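**Student:** I would like to see how this sequence folds:
(2 chains)
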Amino acid sequence: MMMKCHYKIKPLSLKRSPVVRATALSALLAAVPTFGADSGLAGTPLNIGAGLDMVFTAPLRDMDDSEFEVRAFELNIGAPVDPFFNFLATLSWHEGEIDLEEAWVSTILPGGFKLQFGREFIPFGYLNRVHEHDFPQVDQPYVIEGLTTDHGFIGDGFHLEYIAPFMNPTLTVIFGAYDQIQHSVGRRMDGFPLLGRVQTFAESANGRHSVLAGISYLTTAGDKDPMEDRLNADGQTADRRARGKMDYTFGLDAKYKFSPGRTTYQGFTLGAEFLRVAYDPYENHMDFVPGMNIGSDEGFYVYAEWDFDRFRGIGYRYDRTDVLFSSLEDDAQIEAHSIYYQWRPTEFSRLRLQYQYANDDREDESEHLVMLQGTFFVGWHPPHRF
Amino acid sequence: MNTLAKRLLAALLISLGLIPSASARLRVTTTTTDLAALAETVGGDRVDVFSLSRPLQDAHYLDATPGMIVRISRSDLFIENGFDLEMGWVPEVLRETRNRNVRSGGPGHVNASNGIQAIQVPERIHRDMGDVHPSGNPHYTLDPIIAQQAARNIADGLIRVDPRHADTYRANLEAFIARSDEVVNEWVARFEPHAGSRLIIYHKHFDYMFERLGLGIADSIEPLPGLAPSARHVAGLIARHTPDTVRMVVMEPWHDQRVGRQVADGIGVPLLILCPTVGSCEGAGDLIGLFETNARKLLELLEAEASE
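**Tutor:** Numbers count the residues shown, from 1 in each chain, chains lettered A, B, ... in the order given. As a prediction, this is how the structure comes out:
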């Protein structure tokens, strides 16, 4: 069976950031007696919400391998700190581990700038800033999960965001610098990773057509992908993911929405993202040979969705991506087709049924998967962006 | 720097919105077309107004876009409806705006609902009651008399950011109050023969107007606010009501009209699609026009029913 591979990532635990830990925990503890939306905390509005994401997955070739999992439990806390700072923290229980996924503070600077610092889903591409339960389909696109992480790129550091004073189209330029970023290749990227992103948003005069497009680049200026905690006594590792260390990641993303007009809940959405990850070989890997070239991996997804109304929608996603270190795997690729139907009884609950056909060059047989997802929220949830 | 260069630089900065021109009109951004119309009424030729939602867009459900952030960042005044109507997207946009003045508490921020006594304020808040608004029904702009308070709030906001033209704003406000009193009182009188007539609604959108005109609400197609009607609920409506208990079914154009038609036909009463917002149909060019357009449609149907 070719069930999707979840690269296990050591969570960036609370222990790594004592300041963030103290802030998040004190907010949590203070909030417990008044759990709910817009709770009061010493007269200050504090938004608190929790979400549950459950998935049943059934491989049609071998139903015995079906599994039901509570994929994530998420706790969101957010509020303005004062007139100058905004605060948001997300604690997530995911595959048996508790992660502090986000804990950041943002502030507005003169001249159209915004500074956000702490721990964040870094503003790389489109889906990286979207929580897994809010993804457009049940599962992550293969290129995202395979070449980044099953959590997305999470970084400790800051990003500076500039919005040019143009109305339509808009122009946003982002620069980020991080102490570390976690990703699939070698667990995390150290050595002062740097991020750049440019994005634009435009809409038609009647507001029925709107598009967001961006280009992102992530690299590191210093040491890359240390695997010290996985080295053996000889200072070497056999970890498959340590065969390469990330040199850079490049991404293109676009999202288009069409609203027919009269019945405004109806709408068409088209989204796509392309990723290219380039590597250098890791000298401490047991398979390392001087002069070896492990090249790069790339892939993309594209999806289309039609919402009949506020409650129901259907969609299709196409995936095509190299597997991790494809040059060492006979240039193996994964190709997948997914169709899905979703039903949103209210804003706070959603059920989604998805069928997926996937073909991995490394496997003998193609995979046919059926997935059923339930997502439920109580209290507050951070607003959704375009 | 010579004079020409200074002028060119000033023109560039003004065109980029980095500095205001001395004679520039105020840039006002609103969340709905109703509030945009009210801001134009009070601001007159001193304001350029832009609504973030389109006339046939339900302001409950919008995505926060980068375009909104830039638009609000460049505004002198931002006006929101309040009563949690825009709670799904306005907080995100205000958090991202680069203009502190238009954030809540800033001089350029107006919550138009301030001072309005909402109807249907729930005694307790629970999600099993559906998508209720904790502060009460947010659709107060459908009644121009209640919207007078929103107009006062807008006038206060305009005066805060542009005190030099306070007299203009106050005069425009007074004119709106006088005109809305006159028009609404006239329509209330015309509805007197039909006072107490009961309707089935889809969503609690027009309730302020119905209350003003003395119309009653017998039932709603939504079983709870924000929920899609089930076949059982629709069947129950048809079984419970007759043309003797309700006069018509009214709904907004953005909901599924097949369901409204099914209920109306099942009971044997007409279905009426009303205009939910300014700009959503002909004649609804401002708040008073919106009220008159809807009142006229209702009255024509009530009188036609009565004459049969």
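**Student:** which SSE is A:T321 in?
**Tutor:** strand A:312-322 (DSSP states H and E).
**Student:** any idea how far A:D364 is from A:R61?
**Tutor:** As judged by C-beta to C-beta, to the nearest Å, A:D364 and A:R61 stand 11 Å apart. For every residue, glycine as well, the C-beta is placed using N, CA and C.
**Student:** same deal with A:R197?
**Tutor:** 41 Å.
**Student:** for A:Q236, same thing?
**Tutor:** For A:Q236, the distance to A:R61 - C-beta to C-beta - is 38 Å.
**Student:** Comparing these two, which residue is more hemmed in?
**Tutor:** Of the pair A:Q236 and A:R61, A:Q236 is the one with more neighbours under other C-beta atoms under 10 Å in any protein chain shown, namely 18 against 12.
**Student:** need the contact list for residue 212.
**Tutor:** No chain was given, so I picked chain A. A:126, A:199-201, A:254-255, A:386, B:65-66 (C-beta atoms under 8 Å, 6 or more residues apart in numbering or on different chains).
**Student:** sorry, should have said chain B
**Tutor:** With C-beta under 8 Å, 6+ apart, B:R212 has these contacts: B:143, B:145-146, B:184, B:188.
**Student:** And the residues you listed, which of them are buried?
**Tutor:** By neighbour count, with 16 or more other C-beta atoms under 10 Å in any protein chain shown, these hold B:143, B:145-146, B:184 as buried.
**Student:** Can you tell me the element the closest residue to chain B within the stretch 201-350 of chain A falls in?
**Tutor:** Proximity of the stretch 201-350 of chain A to chain B (C-beta to the nearest C-beta) peaks at A:F201, 4.0 Å away. Using DSSP H and E, A:F201 falls within strand A:193-203.
**Student:** buried ones in that strand?
**Tutor:** A:193-197, A:199-203.
**Student:** which one among those gets closest to chain B?
**Tutor:** With C-beta to the nearest C-beta as the yardstick, the closest approach to chain B among these comes from A:F201, at 4.0 Å.
**Student:** Check whether the closest one really touches A:R385, as I assumed.
**Tutor:** No - the pair A:F201 / A:R385 is not scored as a contact, 10.3 Å apart, by C-beta atoms under 8 Å.
**Student:** Run through who's touching the strand holding A:F201.
**Tutor:** A:122-124, A:155, A:157, A:159, A:168-178, A:180-181, A:209-221, A:386, B:65-67.
**Student:** mind listing what that strand pairs with, with the direction of each?
**Tutor:** With DSSP bridges as the test, strand A:193-203 is paired with strand A:170-182 (antiparallel), strand A:209-220 (antiparallel).
**Student:** Report the buried residues of the shortest one.
**Tutor:** For strand A:209-220, burial by neighbour count (16+ other C-beta under 10 Å) applies to A:210-216, A:218-220.
**Student:** Show me the domain layout of chain B.
**Tutor:** B:23-111+B:120-185, B:191-307 (automatic domain parsing).
**Student:** Report whether the first one contacts chain A.
**Tutor:** Yes - using C-beta under 8 Å from any C-beta of the partner chain, we find that domain B:23-111+B:120-185 touches chain A at B:54, B:56-58, B:61, B:63-67, B:69-71, B:73-74, B:88-89, B:91-92, B:95-98, B:100, B:103, B:105, B:127, B:130-131, B:134.
**Student:** Can you tell me which of the residues you listed are classed as buried?
**Tutor:** By 16+ other C-beta under 10 Å, the residues of domain B:23-111+B:120-185 next to chain A give B:54, B:56-58, B:61, B:64-67, B:69-71, B:73-74, B:88-89, B:91-92, B:95-98, B:100, B:103, B:127, B:131 as buried.
**Student:** Which of these fall in helices?
**Tutor:** B:66-67, B:69-71, B:73, B:91-92, B:95-96 (DSSP state H).
**Student:** In the stretch 101-250 of chain B, which residue sits nearest chain A?
**Tutor:** Going by C-beta to the nearest C-beta, chain A is nearest to B:A228 of the stretch 101-250 of chain B, at 5.0 Å.
**Student:** who's in contact with the closest residue in space to that residue that isn't next to it in sequence?
**Tutor:** Of all residues not flanking B:A228 in the chain, A:F311 sits nearest, at 5.0 Å (C-beta to C-beta, 6 or more residues apart in numbering or on different chains). With contact set as C-beta under 8 Å, 6+ apart, A:F311 has these partners: A:343-345, B:228.
**Student:** Point out the residues in the stretch 51-200 of chain A that sit beside chain B.
**Tutor:** Contact residues (C-beta under 8 Å from any C-beta) of the stretch 51-200 of chain A with chain B: A:80, A:83, A:86, A:106, A:108, A:112-114, A:163, A:165-168, A:170, A:172, A:199.
**Student:** and with 6 Å instead?
**Tutor:** A:86, A:108, A:112, A:163, A:165, A:167, A:170 (C-beta under 6 Å from any C-beta of the partner chain).
**Student:** what sits opposite the residue lying closest to A:F124 once chain neighbours are set aside in the beta ladder?
**Tutor:** Leaving aside its sequence neighbours, A:F124 sits nearest to A:S216 (C-beta to C-beta, 6+ apart; 4.5 Å). Per DSSP bridges, the residues bridged to A:S216 are A:R197, A:G251.
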